[in-house]
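Q: Sequence below, structure please.
(2 chains)
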Amino acid sequence: MRMGDRNQVRLLWGAAALVAVVVVFTLIYKGSTGLQWILSGLTVGSIYALVAMGFSVIYSSTRVINFAQGEFTMLGGMMMFTLCTRGGLPLWLGFLLTVGIVTLLGAGFERAAIHPLKDQSVITVIIVTIGLAIFIRALAKWIWGTDPVKVASFTGDKPLRFFGASIVPQSLWVFGLTLIAVVLVFAFFNRTLLGKGMRAAADNPDAASLVGVSASTSSLVAWSIAAAVGAAAGAVIAPINFAAYDAGAMLGLKGFSAAVLGGLGSAPGAVVGGLMLGVLEMITAGFAPSGYKDAVAFLILILVLLIRPQGLLGKPADVKV
Amino acid sequence: MDKQLARLPDAESRNYRTLAISTAFILLIPVWARFIPGDVLHIDIVNVMVLAGIYACVVVGLNLLVGYAGQISLGHAAFFGIGAYTTAILCTRIHGFPTWLGVLAGTALSGAIGWLVGKPVLRLKGHYLAMATLGLGEIAFILFQQLKWLTGGTVGILNIPPLSMFGLKFDTDLKLYFVVWIIVMALMLLSINLIRSRVGRGLRALHSSEVAADAMGVNTSTYKVQVFVLSAAFAGLGGALFAHFQKYVNPESFVLAISIMFITMVVVGGMGNIWGGLIGVLLLTFLPPVIQALPQWLPGLPSGLQNFSNYELVLYGLLLILFMMFLPKGVADGLGRAADFTEVRARRLGDRRKAKRLEGR
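A: Predicted structure coming up:
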């Protein structure tokens, strides 16, 4: 085991201990109310985890931070509204269609605007993703208007009791779907040739291209996965949060903070970071004035960057001279 | 070809020439804008130009940071806001507080906070720096919203007095226009001098390789902090002018989207090109009013497109993508290449004619 790994293990234990202390304190001090906060935290945290995963997948294969990641999630929610709540399609069909359409959109955008810029500087590509975010948001405003829309829950709204706290059935859908998405993404990156090739390309693009991993395919697949995961997250969270055209920006920022916390480019890191961020945020919102809730994510972001820029599970950046 | 390029005027003397010409041109804009009745263009040119000048203060500094030193900031709206709130609070809370002093205080405080923040944050590189500045910008925005006793919360601060200096009151757009653009041109001159100085060469070395620059004896960490402070101060100055221009401030003017707009102006115009920043500012500041005026310019537009607010940002986003796809190094780079190209072409053409004449003899 390398020195770095041992430090990382120690750090992970430290972070886990810190979260555990906060959680236990909240539970003892606030009882079932505290449990309620933690359950809501895990719910939003799952969504942050999925959004963070989108950031990580694109970052590791193209070094680009996709500022439109939150917009994929917003589109997921809005399309569920149109297809299922308004259109009356069966749930599973609406869900699959939503994910399918947004994935095609992501893939199409990659081919149209990201692929042609493959030799340009990263900041140029980032500005293009900013343009995409503005474009999607404005289009959504045009199509769906400014009022938030209420998407029907997948299986009713009757809360379930859980140790004195209540949990809406939709939260269980969120947990289940997050689990499935995470397993699928992990299976892709660890079990398929293409996925393994993409990991190799993320590690060392030149060596990977020498053995036949195509950077162009990697980029296309990464964008498709990010769009699919983002849309799925948006579709499943929409019944809990209202869906609105401008919801993507904040979701994107939170997912981004979660990705940094876990280690940008690390898929397990995205999950850990997302859940941690969600729980810490909800607990803070409980104790402090709720206006400061959003500041938690960014304070964590800056602290992590200053102490350990590669995040909890990331690898230190290579220094190129 | 190389010899012909070498004969072109060098970039530095070109910069001063361009500055003189553009100063004259910009200061004359209100004069010829008078001859275009407002209902022809449907754009209040002077008003938009004041806003552009204010943004230019920020973007000139940001371009030094991003384009020359190679350090990204996605949080400059925070400094813009600090400048604006400083002068707004001073001039509304203290009766008779000189507004020009408020502007100076905003500039100074913004620079000071830039120094405090920059010292730890600039140890980060590349993406990590971008993220950290983004986080700082968001925290500043939340503070503007939440520190109600100081900033007035989401309502903000109203009734900010107009800028006045030496007994002159700059209470109309036209009067403010000259103040703002003279300041912009002064900042440009400062920047041009800076980039051709020892510091500027150090910054450029830093941009291409920090390690190499360090090895050559460039004090990279000090230089980075200094240029960050300078850009923060420029942004604070822009923000302070903005407060006196708009007469009110609220947190909405300092959201992440504004930070992103500043960086977009730098990139669309051309990173590391002092004129690029200015071009980017003009393009992106005029884009929304032009899109707004479209229905009036094209009365035959289908009724669905008459309400510009629907598709204003759709067009904006689309144009941003197209700009970056077709001019990835910025508009200034494209213009520069076009100018060089025509100049070289013209000379070649001249040479060929000369050769023909000689042959004919």
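Q: got the contact list for residue 30?
A: Just going to use chain A. A:W37, A:G286 (CB atoms under 8 Å, 6 or more residues apart in numbering or on different chains). For the C-beta atoms, the positions are set from N, CA and C on the backbone; glycine is no exception.
Q: Not quite, go with chain B.
A: By CB under 8 Å, 6+ apart, the contact list for B:P30 reads B:I45, B:V46, B:M49, B:L174, B:Y177, B:F178.
Q: Recalculate using a threshold of 6 Å.
A: B:P30 makes contact with B:V46, B:L174, B:Y177 under the criterion CB atoms under 6 Å, 6 or more residues apart in numbering or on different chains.
Q: Can you show me the strands along the chain?
A: Going with chain A. A:160-162, A:165-167 (DSSP state E).
Q: my bad, the chain I had in mind was chain B
A: B:163-165, B:168-170.
Q: Name the residues that touch the last one?
A: Looking back up the chat, that one is strand B:168-170. B:P162, B:L163, B:L176, B:V179.
Q: again, only using 7 Å
A: The set of residues external to strand B:168-170 that reach it, using CB atoms under 7 Å, 6 or more residues apart in numbering or on different chains, is B:P162, B:L163, B:S164, B:L176, B:V179.
Q: again, but for stretch A:234-248
A: Counting by CB under 7 Å, 6+ apart, A:43, A:47, A:70-78, A:80-81, A:95, A:98-99, A:137, A:140-141, A:144, A:146, A:148-154, A:168, A:170-171, A:173-174, A:177 sit against stretch A:234-248.
Q: Weed out the non-buried ones from the residues you listed.
A: A:43, A:47, A:70-78, A:80-81, A:95, A:98-99, A:137, A:140-141, A:144, A:148-149, A:151-154, A:168, A:170-171, A:173-174, A:177 (16 or more other CB atoms under 10 Å in any protein chain shown).
Q: and chain B, which of the residues you listed reach it?
A: Contacts with chain B are made by A:R137 out of those, judged by CB under 7 Å from any CB of the partner chain.
Q: Nearest to B:A232, out of the strands of chain A?
A: With CB to CB, the closest approach to B:A232 among the strands of chain A belongs to strand A:165-167: 45.9 Å.
Q: Quick check: residues of the stretch 201-321 of chain A near chain B?
A: The stretch 201-321 of chain A comes close to chain B at residues A:253, A:260, A:291-292, A:294-295, A:298-299, A:301-302, A:305-306, A:309, A:321, as judged by CB under 7 Å from any CB.
Q: gap between the residue positioned nearest the centre of chain A and A:A68?
A: The residue lying closest to the centre of chain A (CA atoms, centre = their mean) is A:V51, at 1.4 Å. Distance of A:V51 to A:A68, given as CB to CB, to the nearest Å: 11 Å.
Q: Then B:F144?
A: Where A:A68 is concerned, B:F144 sits at a distance of 26 Å (CB to CB).
Q: more neighbours, the two?
A: A:A68 (30 against 27; other CB atoms under 10 Å in any protein chain shown).
Q: give the contact list for the more buried one.
A: Neighbours of A:A68 in contact, by CB under 7 Å, 6+ apart: A:T129, A:L132, A:A133, A:I136.
Q: how about the helices in the stretch 1-150 of chain A?
A: A:3-30, A:32-62, A:69-80, A:91-109, A:122-144 (DSSP state H, counting those that start in this stretch).
Q: Show me the contact partners of the third one.
A: By CB under 7 Å, 6+ apart, the residues outside helix A:69-80 that reach it are A:51, A:54-55, A:94, A:98, A:101-102, A:106, A:133, A:136-137, A:140, A:144, A:149, A:151, A:226-227, A:230-235, A:237-238, A:243, A:245, A:247-249, A:251-252, A:255.
Q: Excluding chain neighbours, what is closest to B:A240?
A: B:G106 (3.5 Å; CB to CB, 6 or more residues apart in numbering or on different chains).
Q: try A:L89
A: A:L83 (4.9 Å).
Q: residue contacts, that neighbour?
A: So A:L83 contacts A:L89, A:G94, A:L97, A:T98 (CB under 7 Å, 6+ apart).
Q: Ok, A:I167 next?
A: Contacts of A:I167 (CB under 7 Å, 6+ apart): A:L39, A:P159, A:L160.
Q: Okay, and the beta partners of the closest residue to the first one other than its chain neighbours?
A: If I follow you right, that is A:L39. Nearest non-adjacent residue to A:L39, counting by CB to CB, 6+ apart: A:I167, 5.3 Å away. Bridge pairing for A:I167 (DSSP bridges) gives the partners A:L160.
Q: Report the separation between A:I167 and A:T155.
A: 13 Å.
Q: Repeat that for B:I94.
A: Distance, B:I94 to A:T155, using CB to CB: 61 Å.
Q: Have a look at those two and say which one is more surrounded.
A: In this view B:I94 and A:T155 are compared by other CB under 10 Å, and A:T155 has more residues nearby, 13 against 10.
Q: thought the more buried one was touching A:S171?
A: No - if you go by CB atoms under 7 Å, A:T155 and A:S171 don't touch, sitting 11.2 Å apart.
Q: Grab the nearest non-local neighbour of A:V149.
A: Closest to A:V149 by CB to CB, 6+ apart is A:F81, at 4.6 Å.
Q: in stretch B:286-294, what's buried?
A: B:F286, B:L287, B:P289, B:V290, B:I291, B:L294.
Q: err, stretch B:233-245, not the other one
A: Buried, per 16+ other CB under 10 Å, within stretch B:233-245: B:233-245.
Q: Pipe those residues into CSV and attach pLDDT per row.
A: Compiled in CSV, the buried residues of stretch B:233-245 are given as follows (pLDDT from 0 to 100):
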residue, pLDDT
B:A233, 96
B:F234, 96
B:A235, 96
B:G236, 96
B:L237, 96
B:G238, 96
B:G239, 95
B:A240, 95
B:L241, 95
B:F242, 95
B:A243, 94
B:H244, 93
B:F245, 93
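Q: Save the contacts of A:L83 as CSV, and put in pLDDT too.
A: Listed next are the contacts of A:L83 as CSV, based on pLDDT from 0 to 100:
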residue, pLDDT
A:L89, 86
A:G94, 90
A:L97, 94
A:T98, 94
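Q: Name the member of these with the most neighbours.
A: Counting neighbours by other CB under 10 Å, A:T98 leads these with 28 neighbours.
Q: That's all I had, so thanks and see you.
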